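> I would like the atomic coordinates for the input below:
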Amino acid sequence: MRLPPQNALLVIDLQKAIDDPSWAKDGPRNNPEAEANIARLLAAWRASRAPLFHIRHDSVEPQSVYRPGQQGNAFKPEAMPRTGETIIAKRTNSAFIGTDLEPRLRAAGITSLVVAGVITNNSVEATVRMAGNLGFETILVADACFTFARRDYDGRLRSAEEVHAMSLANLDGEYCRVVRTADVLATVGATVRAYAPADLDALIEIFRSSVRQVACRDYTEDQVKAWAPDTIDREAFAARRAAKPTFVAVIGAKPVGFADLEPDGHIDMLFVDAEHQRRGVARALFEAIEAAAKDQGLAGLHTEASITARRFFERCGFSVVEPQTVTRRGQQFRNFKMAKPLSEE
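The predicted structure is shown next:
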């Protein structure tokens with residue numbers, strides 16, 4: 001599968017109340033691994049610094065185990081929010097009713113939702129249906145949700161797995177796409193490995209898309225065309241990759257970014273595919289570079305950062321040494337010499 005860009009993770013109602021025995025009055029739950037899968041999803045989103053939202057049910061029903069002020073209202077340990085993470089409190093089954101979830105998503109430019117939580121046939125289903133109707137591209141993670149056995153309208157006992165499966169069938173293809181945790185994790189969170197010659201064409205496309213679709217915010221059309229022309233010398237590009245350690249960030253098996261490190265601590269290139277911006281890819285690449293530099297005993301790192309990249313390098317601890325103007329294929333570009341000392345810590 002391919003996870004759409006500008007996505008967010010929604011974890012729905014995974015609170016201690018769901019462990020109350022009253023839920024299982026007709027029979028036990030399904031998906032005993034759901035909490036562990038939700039924890040894996042949360043870890044992946046946190047690692048990639050992608051947006052995530054914790055949905056908390058604050059029931060107004062006097063007898064509800066989800067009612068605020070009692071132990072059941074607290075999040076389960078696997079879904080415990082961290083400092084700074086967004087919590088949306090709801091009072092009905094849908095996370096969109098009576099909350100500011102939708103305006104928050106719109107303001108952040110989020111167009112796709114990955115949904116997990118409880119219970120499949122109630123709050124999860126209600127939220128997914130509304131997300132689909134509101135135009136969000138919605139992905140429901142089947143093994144990161146669960147429900148309980150219950151009797152159908154005719155009084156026949158249905159197992160939790162049957163209730164779960166029917167809910168998924170109602171949603172899949174109409175309001176969302178149903179997938180498994182492993183499918184999602186294969187597309188979230190970059191790992192970094194060494195460059196291989198087979199990466200060449202993918203890295204050229206990453207370079208081109210990054211310049212043409214991201215750096216274009218800060219440079220003119222003529223500058224962008226000069227920087228990333230239609231025809232790029234493959235042999236020269238390959239020679240630059242082979243001449244120095246080059247790090248490749250991959251999600252699943254797909255290269256989504258690359259960077260390099262020269263013997264004197266110079267970072268010549270660091271580019272991330274346009275569709276994988278703001279997902280922690282650049283940070284993963286930089287952390288690999290910094291670790292390699294420290295292993296080599298380098299005193300510091302330095303680079304020439306574009307206007308676009310300057311903000312990222314500043315967040316990584318670099319300071320501007322001086323601005324400069326360089327010429328490439330007849331076009332002048334403003335960029336910044338930047339440096340970062342490496343401590344012994």
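> please make it C-alpha for all contacts and neighbour counts, starting now.
Will do.
> what does the helix or strand containing His54 contact?
Under the criterion DSSP states H and E, the helix or strand holding His54 is strand 52-57. Contacts of strand 52-57 from elsewhere in the structure, counted by CA atoms under 8 Å, 6 or more residues apart in numbering, are 8-15, 42, 45, 66-67, 73, 75, 79, 81, 85-92, 95.
> where does pLDDT dip in the protein?
Counting by pLDDT under 70, the chain contains low-confidence ranges at 1-2, 344-345.
> which residues of it fall in helices?
Listed in chain order, the helices of the chain (DSSP state H) span residues 34-48, 101-107, 125-133, 160-171, 181-185, 200-213, 221-227, 234-242, 281-295, 307-315.
> so the third one versus helix 160-171, what angle?
Using axes from the mean of the first three to the mean of the last three CA atoms, to 10 degrees, the inter-axis angle of helix 125-133 relative to helix 160-171 is 20 degrees.
> buried ones in stretch 220-235?
Using 16 or more other CA atoms under 10 Å as the test for burial, stretch 220-235 gives 223-228.
> same thing with stretch 249-259?
For stretch 249-259, a neighbour-count test (16+ other CA under 10 Å) marks 249-252, 255-259 as buried.
> sorry, back to before: reformat the helices of the chain as a markdown table; add distance to Lys340.
Formatted as a markdown table, the entries for the helices of the chain read as follows, by distance: least, CA to CA, whole Å:
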| stretch | distance to Lys340 |
| --- | --- |
| helix 34-48 | 23 |
| helix 101-107 | 34 |
| helix 125-133 | 44 |
| helix 160-171 | 51 |
| helix 181-185 | 33 |
| helix 200-213 | 24 |
| helix 221-227 | 26 |
| helix 234-242 | 23 |
| helix 281-295 | 10 |
| helix 307-315 | 9 |
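> quick check: which of those is nearest to Ala149?
Nearest to Ala149 among the helices of the chain is helix 160-171; the distance by CA to CA comes to 3.9 Å.
> correct me, but Val321 touches Asn335?
No: under the criterion of CA atoms under 8 Å, Val321 is not in contact with Asn335, lying 11.0 Å apart.
> those two: which has the busier surroundings?
When Val321 and Asn335 are compared on other CA atoms under 10 Å, the one with more neighbours turns out to be Asn335, at 20 against 14.
> count of residues packed around the closest residue to the more buried one other than its chain neighbours?
Residue nearest to Asn335 in three dimensions, not counting chain neighbours: Ser306, with 4.6 Å by CA to CA, 6 or more residues apart in numbering. By the measure other CA under 10 Å, the count of residues near Ser306 is 18.
> over to Glu174?
When neighbours are defined as other CA under 10 Å, Glu174 has 11 of them.
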